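Q: Sequence and computational prediction follow.
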Amino acid sequence: MMNFGQEVRAKCKKCGKDAPASEFKMHYEYRMMVCPTCFKGQPKPVVPNAPKEEPVAPKAPGWDKEDEYLEKVTKKKQEQQTSTFQSIPGSPYVQCKCIHCKYTFKYDGIRKTPSSCPYCNNPVPKYTSKQF
Ligand SMILES: [Zn+2]
Ligand SMILES: [Zn+2]
């Protein structure tokens, strides 16, 4: 005859399965006795500072994820190409806009100085001259 011992099995209120009563533990988050499986199972962490999408203007009908992606990519490209370095006509310098703090300063594209933003000290992105 099979004998599973004296073990009393109890039903877990969390998952509905039964497990040895002696292994039940008080779960601080569920505030109830749960089976070992539930006890070990990581409850989904509540992240108060979940990354939120920046508020955006109402979207036109027909706007989908792909458009959104394309817009982001385009924006990024534009930012990198137009707002980081801007040549100053008649000057060996270029206008550099720090991508971190948006501070604008003169950048010597030949000597490659300054190598970091004078305002926030973040490294200046690599300058590639568009002039041939
Ligand atoms: Zn359970
Ligand atoms: Zn900066």
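A: Received the coordinates, thanks. Ligands and ions are numbered 1, 2, ... in the order given.

Q: At the contact with ligand 1, which residues of this protein appear?
A: 12, 14-15, 35, 38 (Cβ under 5 Å from the ion). (C-beta placed from N, C-alpha, C; glycine too.)

Q: rerun that using 6 Å as the cut-off
A: Taking Cβ under 6 Å from the ion as the contact definition, the chain meets ligand 1 at 12, 14-15, 17, 34-35, 37-38.

Q: Buried ones only from the residues you listed, please, as a ChimeraX command.
A: Here is the ChimeraX command that picks out the buried ones among the residues of the chain next to ligand 1, judged by 16 or more other Cβ atoms under 10 Å:
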select :12,14,34,35,38
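
Q: Which pair in the residues of the chain next to ligand 1 has the greatest spatial separation?
A: Farthest pair in those (Cβ to Cβ) is Lys17 and Val34. Separation: 10.3 Å.

Q: and stretch 25-33, which residues are buried?
A: Buried-residue list, stretch 25-33, by 16+ other Cβ under 10 Å: 27, 33.

Q: Can you get me the start-to-end distance on it?
A: 5 Å (Cα to Cα, to the nearest Å).

Q: and that stretch, what's its mean pLDDT?
A: Averaged across stretch 25-33, pLDDT comes to 91.

Q: Equivalent analysis for stretch 93-111, please.
A: On average, stretch 93-111 scores 91.

Q: do stretch 125-132 as well
A: 66.

Q: Okay, helices next: where are they in the protein?
A: Taking DSSP state H as the test, the helices found in the chain are 36-40, 65-78.

Q: which parts of the chain sit against ligand 2?
A: Close to ligand 2, as judged by Cβ under 6 Å from the ion, the chain has residues 98, 100-101, 103, 117, 119-120, 122.

Q: neighbours around Lys126, how many?
A: 8 (other Cβ atoms under 10 Å).

Q: farthest pair in the residues of the chain next to ligand 2?
A: Within the residues of the chain next to ligand 2, Tyr103 and Asn122 form the most distant pair, 9.5 Å apart (Cβ to Cβ).
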